[in-house]
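Enquirer: Pasting the sequence and the predicted model now:
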Amino acid sequence: MTKEPSLPILYPMEGSAGRTGDWRTQYPVLDPEKCIKCNICWKFCPDNAIYPADREKDQTITYDYEYCKGCGICATECPKQAIIMVNEGE
C-alpha cells in the first residue's frame, strides 16, 4: 500500500487583486460550538482566506478577513450550518 503524498497547506497571500477584504459587503462568522472541524469550508474557499481547523489541538478554523471577499461559499458548504454571513458594520 502506497502512502498518498501530503499536500502543502496554502495560506492567504497578496495576489493580483491584493487585499480584498475592504470591499466586502458581508463576512463569515463561525459558531465554534457547531463546528465539527471537518475543514470543508477551507477546501471550498476560493480566496484561500481560511486557516484549517486542527483536531489534534482542538482548534476551529480561523479567517483572514483581509483576503475574504465575503462570497459565502464557506457558509453554504458547511454541513452543520456553523457559519453565518453577517452584513459589514453589524
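Expert: Thanks, I have the structure now. Numbers count the residues shown, from 1 in each chain.

Enquirer: Can you read off the pLDDT for residue 8?
Expert: With respect to pLDDT, residue 8 scores 63.

Enquirer: which stretches of this structure form strands?
Expert: 26-30, 50-51, 62-63, 83-87 (DSSP state E).

Enquirer: what about the helices in this protein?
Expert: 40-44, 73-77 (DSSP state H).

Enquirer: would you turn those helices into CSV with distance to residue 58, mean pLDDT and mean neighbour count?
Expert: Bear in mind the C-beta positions are built from the backbone N, C-alpha and C, glycine included. Formatted as CSV, the helices of the chain follow (distance: least, C-beta to C-beta, whole Å; pLDDT from 0 to 100; neighbours: other C-beta atoms under 10 Å):
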stretch, distance to residue 58, mean pLDDT, mean neighbour count
helix 40-44, 16, 95, 16
helix 73-77, 20, 97, 18
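
Enquirer: Out of those, flag the one nearest residue 90.
Expert: Residue 90 lies closest to helix 73-77 among the helices of the chain, at 15.1 Å (C-beta to C-beta).

Enquirer: by contact count, what packs against the closest one?
Expert: Using 3 or more C-beta pairs under 8 Å, 6 or more residues apart in numbering; DSSP states H and E, the elements in contact with helix 73-77 are helix 40-44, strand 83-87.

Enquirer: my read: residue 40 touches residue 76, true?
Expert: No: Residue 40 lies out of contact with residue 76 (C-beta atoms under 8 Å); the separation is 10.2 Å.

Enquirer: one step back: Throw the strands of the chain into a markdown table and include mean pLDDT, distance to residue 44 and mean neighbour count, thanks.
Expert: As requested, the strands of the chain are exported to a markdown table (pLDDT from 0 to 100; distance: least, C-beta to C-beta, whole Å; neighbours: other C-beta atoms under 10 Å):
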| stretch | mean pLDDT | distance to residue 44 | mean neighbour count |
| --- | --- | --- | --- |
| strand 26-30 | 96 | 12 | 19 |
| strand 50-51 | 92 | 9 | 21 |
| strand 62-63 | 94 | 14 | 16 |
| strand 83-87 | 97 | 11 | 15 |
